[in-house]
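# coords below, sequence missing:
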């Protein structure tokens, strides 16, 4: 792994680790038109994206899973950056 760092031991609860790979290349605007939901415009949109793309546990086909992960990686910047910086 690149960017290795020390992670503190937890004393209670659960730690969720999410390996994430992303690019610094811009996503073509047309790609957002093919997504379930385009670029998030509100905090609620961002919350919906987190739920739909990362946190929701549901049965899905391998193709659906691949599409969901692809959308997550393309939206990562929008989901992790304050709306005022979009």
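In hand now; what should we look at? If you're wondering where the values come from, they're calculated on a predicted model, not measured in any experiment.

# Tell me, how many residues neighbour residue 75?
23 (other CB atoms under 10 Å). Bear in mind the C-beta positions are built from the backbone N, C-alpha and C, glycine included.

# Which residue ranges of this structure form helices?
29-33, 43-50, 62-80 (DSSP state H).

# and the angle for the longest one with helix 43-50?
Using axes from the mean of the first three to the mean of the last three CA atoms, to 10 degrees, the direction of helix 62-80 lies 140 degrees away from that of helix 43-50.

# Mind listing what's buried along helix 62-80?
68, 71-72, 74-78 (16 or more other CB atoms under 10 Å).

# what helices or strands is it leaning on?
Here helix 62-80 touches helix 43-50, going by 3 or more CB pairs under 8 Å, 6 or more residues apart in numbering; DSSP states H and E.

# can you give me the mean pLDDT across the helix it packs on?
The pLDDT scores in helix 43-50 average 91.

# Now do that helix: distance to the chain's middle.
The chain centroid and the centroid of helix 43-50 are separated by 10 Å under CA atoms, centre = their mean, to the nearest Å.

# which ones are touching residue 49?
With contacts defined as CB atoms under 8 Å, 6 or more residues apart in numbering, the neighbours of residue 49 are 37, 40, 75, 78-79.

# What is the nearest of the residues you listed to residue 17?
residue 79 (17.2 Å; CB to CB).

# measure that closest one to residue 6 for me?
To residue 6, residue 79 is 26 Å away according to CB to CB, to the nearest Å.

# residue ranges with poor pLDDT in the chain?
1-5, 18-24 (pLDDT under 70).

# which residue is nearest the centroid of it?
Centroid-nearest residue in the chain, with CA atoms, centre = their mean: residue 72, separated by 3.7 Å.

# so what's the residue nearest to it when sequence neighbours are not counted up against?
Computed as CB to CB, 6 or more residues apart in numbering, the closest residue to residue 72 that is not its neighbour in sequence is residue 53, at 4.2 Å. By CB under 8 Å, 6+ apart, residue 53 lies in contact with 68, 71-72, 75, 79.
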